[in-house]
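Chemist: Below are the sequence and a predicted model; questions follow.
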Amino acid sequence: MASDPKTVAFIVDQLAGAGDVSAKPMFGEYGLYCDGKMVGLICDDQLFVKPTPGGRAFAGTIDEAPPYPGAKPCLLVDADRWDDADWLTDLVRISTAELPVPKPKKAKGQKG
């Protein structure tokens with residue numbers, strides 16, 4: 001089941017204070033980006049945030065589950081928490097700060 005674009009837009013709006021937040025379609029679902037880093041996924045109308053030590057500490061007791069079969073477990077943010085923009089923004093801001101900067105992509109046709 002693909003995520004509803006209204007759900008994706010709501011989550012992105014709630015995270016406006018975290019930085020430059022966007023959602024990009026990926027394999028029928030959405031990758032969630034903050035300041036150029038992939039910080040989570042929205043799959044089947046559920047929000048998954050990449051686990052980091054700071055994110056886990058901030059979130060407290062939270063379920064972890066893979067966003068799709070074969071994926072590594074992520075923090076599964078219950079839909080009841082989505083309305084708390086401050087909490088959600090802090091979780092994503094903390095997690096983003098601990099994620100590595102993406103490697104630059106090679107130009108097409110460039111080898112090695």
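Modeler: Received the coordinates, thanks. Residues are numbered from 1 along each chain as shown.
Chemist: Kindly state the beta-bridge partners for residue 25.
Modeler: Beta-bridge pairing for residue 25 (DSSP bridges): residue 30.
Chemist: pretty sure residue 42 is in contact with residue 7, am I right?
Modeler: Yes. Counting by CB atoms under 8 Å, residue 42 touches residue 7, with 6.9 Å between them. C-beta coordinates here come from the backbone N, C-alpha and C atoms, glycine included.
Chemist: For the two, indicate the residue with more neighbours.
Modeler: Counting neighbours by other CB atoms under 10 Å for residue 42 and for residue 7 shows that residue 42 has the greater number, 23 against 18.
Chemist: So in terms of bridging, what pairs with the more buried one?
Modeler: Under the criterion used (DSSP bridges), residue 42 bridges to residue 30, residue 47.
Chemist: Return the residues in contact with it.
Modeler: 3, 7-8, 11, 23, 29-30, 32, 48 (CB atoms under 8 Å, 6 or more residues apart in numbering).
Chemist: What is the lowest-pLDDT residue among those residues?
Modeler: Here the lowest pLDDT out of those sits on residue 3, with 92.
Chemist: what about the residue positioned nearest the centre of the chain, which helix or strand?
Modeler: Geometric centre of the chain, nearest residue: residue 40, 1.9 Å, by CA atoms, centre = their mean. Assigned by DSSP states H and E, residue 40 falls within strand 37-43.
Chemist: Report the buried residues of that strand.
Modeler: Under the neighbour-count criterion of 16 or more other CB atoms under 10 Å, strand 37-43 has 37, 39-43 buried.
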